[in-house]
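J.: Quick one: sequence plus predicted model below, questions after.
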Amino acid sequence: MKHQMSSHLLVALLVLGESQAQTIWTQRTAGSRLTIEYMQPTFANTISWLTTSGSIVTLNGKVQVGSSVGVIVEVPYVSGTISTSFPFASSAGSVSEKKGGNVYVGLEIGNFESNIFLEIGARPFATETSSSSGIIPMVGAIGDFDRQEAYLEKMSSYQAALNLTSTQTQGFVYRVRVGPTIFVPKTTGSESITLMDYGLKMGYDNGQLGLLGGISGRWNTKIKSGKAAYHHLALDLGYRFGKIRPAFFYRMPLDKEMTDIVARTIGANITVAL
């Protein structure tokens, strides 16, 4: 079963590559905030005797330093199960694992009254211990499309992103995000990979109820022929209660190479302004 799990993981990572650290769906606030998020990916499970399931929890905090700089820290946690019921397999059964991911540390630079701000950050301390079954990096990297590098073992990442966003908090709102992410393998002899990440979200917010939709994608600059870019569609519905904003979201891949692995990801988060 371990060989079957490893093969399934290898296919997934070859198709999808890696991703950015912060995502376009991270709720931006004028001051300090704390966000906890839960994600439940639904895997396609196209192999009838091989079933994958799991969940992801991230804790994301921002400490505002002055009027134009915020310090961002994010800690991910993944749990997953992979099982096989192949009738002739001597190793039939299931394996479950839980593990923390790669911690993100970064800066958000820009005044909240400006429609342009910059993000720079890294996950420099990649986990060195490998998942025995491969389920942890697969659930995280496939289920959380916009933060795959948070779950890849022995892989540090460094990123920058420019954001163009609406300054108004009510009415039509939007955000455009683009920037490179560099992945540096810890394995000797492996080459670094640079991806260009991009996304657009827009919608309506009346000050309490907000409905946003958009698309996020990435282009692997190292791939010279064949398919090098993949995309996700997402919807976000949130409601503010004073300083608290709970939200529900739905994310769906738009490329067949991805839908063959994961059908959708649903989840919820709560952001508290501090």
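T.: Structure received. These numbers were taken from a predicted model, which means no experiment stands behind them.
J.: Please count neighbours and contacts with C-alpha atoms only from this point.
T.: Fine.
J.: Need the three-state assignment for the residue minimising distance to the centre of the chain.
T.: Centroid-nearest residue in the chain: Arg147, 2.6 Å away (criterion: CA atoms, centre = their mean). Reduced to three states with DSSP: H, G, I helix; E, B strand; the rest coil, the structure at Arg147 is helix.
J.: Hmm, it is touching Thr26, no?
T.: No: assessed by CA atoms under 8 Å, Arg147 is found out of contact with Thr26, at 11.1 Å.
J.: got a pLDDT number for the residue nearest to the centre of the chain?
T.: The model reports Arg147 with a pLDDT of 83.
J.: And it, how far from Leu254?
T.: Distance, Arg147 to Leu254, using CA to CA, to the nearest Å: 17 Å.
J.: Which parts of the stretch 51-200 of the chain are strands?
T.: Taking DSSP state E, counting those that start in this stretch, the strands of the stretch 51-200 of the chain run over residues 69-84, 93-100, 104-109, 116-123, 155-165, 171-185, 193-205.
J.: As TSV, those strands with distance to Phe241 and mean pLDDT would be great.
T.: Compiled in TSV, these are given as follows (distance: least, CA to CA, whole Å; pLDDT from 0 to 100):
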stretch	distance to Phe241	mean pLDDT
strand 69-84	23	90
strand 93-100	31	83
strand 104-109	25	95
strand 116-123	26	95
strand 155-165	23	93
strand 171-185	18	92
strand 193-205	14	93
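J.: Quick check: which of those is nearest to Thr259?
T.: strand 69-84 (18.2 Å; CA to CA).
J.: Sticking with Trp219, tell me its helix or strand.
T.: strand 209-220 (DSSP states H and E).
J.: That strand vs strand 171-185, what angle?
T.: 30 degrees (axes from the mean of the first three to the mean of the last three CA atoms, to 10 degrees).
J.: what pairs with strand 209-220, and is each one parallel or antiparallel?
T.: strand 193-205 (antiparallel), strand 229-239 (antiparallel) (DSSP bridges).
J.: Which residues in it does the neighbour count mark as buried?
T.: 210-220 (16 or more other CA atoms under 10 Å).
J.: so where is the stretch 1-150 of the chain shaky, pLDDT-wise?
T.: 1-22, 46-49, 86-92, 128-133 (pLDDT under 70).
J.: Lys99 and Pro41: what is the separation?
T.: Counting by CA to CA, the gap from Lys99 to Pro41 is 17 Å.
J.: Export the strands paired with strand 209-220 as CSV, with columns for mean neighbour count and distance to Gly80.
T.: Output for these, formatted as CSV (neighbours: other CA atoms under 10 Å; distance: least, CA to CA, whole Å):
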stretch, mean neighbour count, distance to Gly80
strand 193-205, 20, 27
strand 229-239, 19, 22
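J.: Would you agree Gln170 is in contact with Gly203?
T.: No: counting by CA under 8 Å, Gln170 does not reach Gly203; the two are 10.1 Å apart.
J.: ok, back up a step: mind putting the buried residues of strand 209-220 in CSV, distance to Leu50 and pLDDT included?
T.: Shown next, in CSV, are the buried residues of strand 209-220 (distance: CA to CA, whole Å; pLDDT from 0 to 100):
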residue, distance to Leu50, pLDDT
Gly210, 39, 93
Leu211, 36, 94
Leu212, 35, 93
Gly213, 33, 95
Gly214, 32, 94
Ile215, 30, 94
Ser216, 29, 92
Gly217, 28, 91
Arg218, 29, 87
Trp219, 30, 91
Asn220, 29, 90
